[in-house]
Every structure is written in C-alpha cells, then in structure tokens.
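Novice: Can you look at this prediction? I've put the sequence above it.
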Amino acid sequence: MSDDYGTVISPTEVRFERLLPSPIETVWAYLTNAKKRGEWFASGPTDLRVGGKMTLRFKHSDLSPHNAPPPEKYREIDANGHEFVVEITEYDPPRRFAFSWPPSSEVVFELAPQGDKVLFTLTHRRLAGRDEMVNVSGGWHALLMVLVERANGRVPQAFWDLHRAIDGQYEKRIPR
C-alpha cells in the first residue's frame, strides 16, 4: 500500500486500496449514511437494499471548508452541483457495498478489518475503455484523499487543489 495510485486490474477495471484508522462500522457509515458520504463523496437519499436507489449529489467544492476554484472544464458542474441516481447492486453490511455507475459500469466497496484499522478497497469495473478509466481514476483518487483525511479526524484540503495535484497522472500511468 505504499503506492496510493489505483491499479489497473483489467482493461475495464481499476482498484484503489486505503488503510483507514477507524472501526469497520465507522467506515461503513462513510459509504451508506447520506450525511457521512456527503463529507467525502456525494450526499443523497439511499434505499439500503439490493435494487434500492441511491441519489448521488456532487458538489466537490463543499467537501472542505477550504476553497479553491474548479478547473474551467468543471466550473459549471461545480457551481450548480451535479446529481444522478444509481441502483444498489450489492449490500452486505458492513463488508460489501456496490452500485451501478452511469452509463454502464459498477462501483464496488469492500471493507476488511486489519487489527484496529480497516482495509478499504474500491473497484470500479465494467468501464467502457481507457478514457473512462483515466477520468474516473483521477476523480476517485482525489475523493479518497478527502476520505483519508476525514477518517483521520483532519480537515481535508480543498477538493479542487487535491484534484489538480493528481490531474494528468492517470493519463501517464494507464497504458494505451
């Protein structure tokens, strides 16, 4: 886990791992509780069952009290927020949680206790191709930087500063 970058598992799948310093129930709440999920990813109502719907409301500039302007290509989306509804595809508390991701991929979270910590694994699978993988990888990486800070009881840097720090790295790291 010395390398925080996502790992390409297949041409349609990327995986991220983080070791978080919290009990598994706390980390589970960061996935399934709308308020806690909104502190690092996206808020929104959730029907916690397989087949249930979950609204994901994104406003990345609100993930930290620190402010930084978004890059031009995200300025309008961030100003207005962005929202979509996904379907829960797996729900096995407090170990596994998955949902659809538009247009046709899936995000899977797996939690595994490791002593007093939790191994947090995020796999984004069934990606349409390299361009989509590059795009989601940079976003997930920055979001996970926010989650790590939150799980450690710290205030994260402004999301857009974190995103800028990683932007372009996956373009170089993911083979064509």
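Specialist: Looks like it arrived, so ask away.

Novice: Could you use CA atoms for every contact and neighbour count after this?
Specialist: Fine.

Novice: how about the helix or strand containing residue 132: buried residues?
Specialist: Assessed by DSSP states H and E, residue 132 sits inside helix 130-151. Using 16 or more other C-alpha atoms under 10 Å as the test for burial, helix 130-151 gives 130, 133-134, 137-148, 150-151.

Novice: Which elements pack onto it?
Specialist: Applying 3 or more C-alpha pairs under 8 Å, 6 or more residues apart in numbering; DSSP states H and E, one finds that helix 130-151 contacts strand 13-20, helix 159-166, helix 169-173.

Novice: Quick one: closest of the ones you listed to residue 56.
Specialist: Closest to residue 56 of those is helix 159-166 (C-alpha to C-alpha; 16.9 Å).

Novice: So for residue 119, what's the nearest residue that isn't a sequence neighbour?
Specialist: In this structure, residue 119 finds its nearest non-sequential neighbour in residue 19, 4.6 Å apart by C-alpha to C-alpha, 6 or more residues apart in numbering.

Novice: same question, residue 107
Specialist: Nearest non-adjacent residue to residue 107, counting by C-alpha to C-alpha, 6+ apart: residue 124, 4.5 Å away.

Novice: Let me know the pLDDT of the spatially closest residue to residue 90 that is not a sequence neighbour.
Specialist: Counting by C-alpha to C-alpha, 6+ apart, the nearest residue to residue 90 once its immediate chain neighbours are dropped is residue 98, at 4.8 Å. Residue 98 is assigned a pLDDT of 98 by the prediction.

Novice: Cool, thanks, talk later.
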